[in-house]
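*Asks:* From the sequence below, what's the structure:
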Amino acid sequence: MFGIPGLQLWHIVAILVAALIIFGPKRLPDVGRWLGRSITDLQKGSQEMTNALREGMSEARAEQQKNNTIANPAPTQSVPSGDNKFCTKCGSPNPQDALFCNKCGNPFPTQS
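*Replies:* Residues are numbered from 1 along each chain as shown. Model (predicted):
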């Protein structure tokens, strides 16, 4: 009847009679007003939380889409020929007899 399953008319009448006995006829309108305002504030707070959550999720989704875009590849460097060997990790040139990269410290494979 009122949208709450299992709640019948006589339940509501019993609740109203109990409230009338507990609070009395003079305070019952004040209690009803307080209850109505409390429910309204609860609904507003719930709506604000929902809106904030949706906004945060949409910002996160936009940030994720921005990060997922394919970036322009770095320009290729021409590899000078000569007596340099290049690091496979950072790409910097090193002397031919170097055992480790001068820039990043990556070890070069040993030749047997």
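
*Asks:* Once you drop chain neighbours, what's closest to residue 103?
*Replies:* residue 92 (4.1 Å; CB to CB, 6 or more residues apart in numbering). For the C-beta atoms, the positions are set from N, CA and C on the backbone; glycine is no exception.

*Asks:* what's around the one you found, how many residues?
*Replies:* By the other CB atoms under 10 Å criterion, the neighbourhood of residue 92 contains 13 residues.

*Asks:* again, but for the one 10 residues further on
*Replies:* Neighbour count of residue 102, defined by other CB under 10 Å: 13.

*Asks:* Look up which residues are beta-bridged to the residue nearest to it when sequence neighbours are not counted.
*Replies:* Once flanking residues are discounted, residue 102 sits nearest to residue 94: 5.4 Å by CB to CB, 6+ apart. Residue 94 has these beta-bridge partners by DSSP bridges: residue 85.

*Asks:* residue contacts, residue 94?
*Replies:* Contact analysis of residue 94 by CB atoms under 8 Å, 6 or more residues apart in numbering lists 84, 85, 86, 87, 101, 102, 108.

*Asks:* please redo it, this time with the cut-off set to 6 Å
*Replies:* 85, 101, 102 (CB atoms under 6 Å, 6 or more residues apart in numbering).
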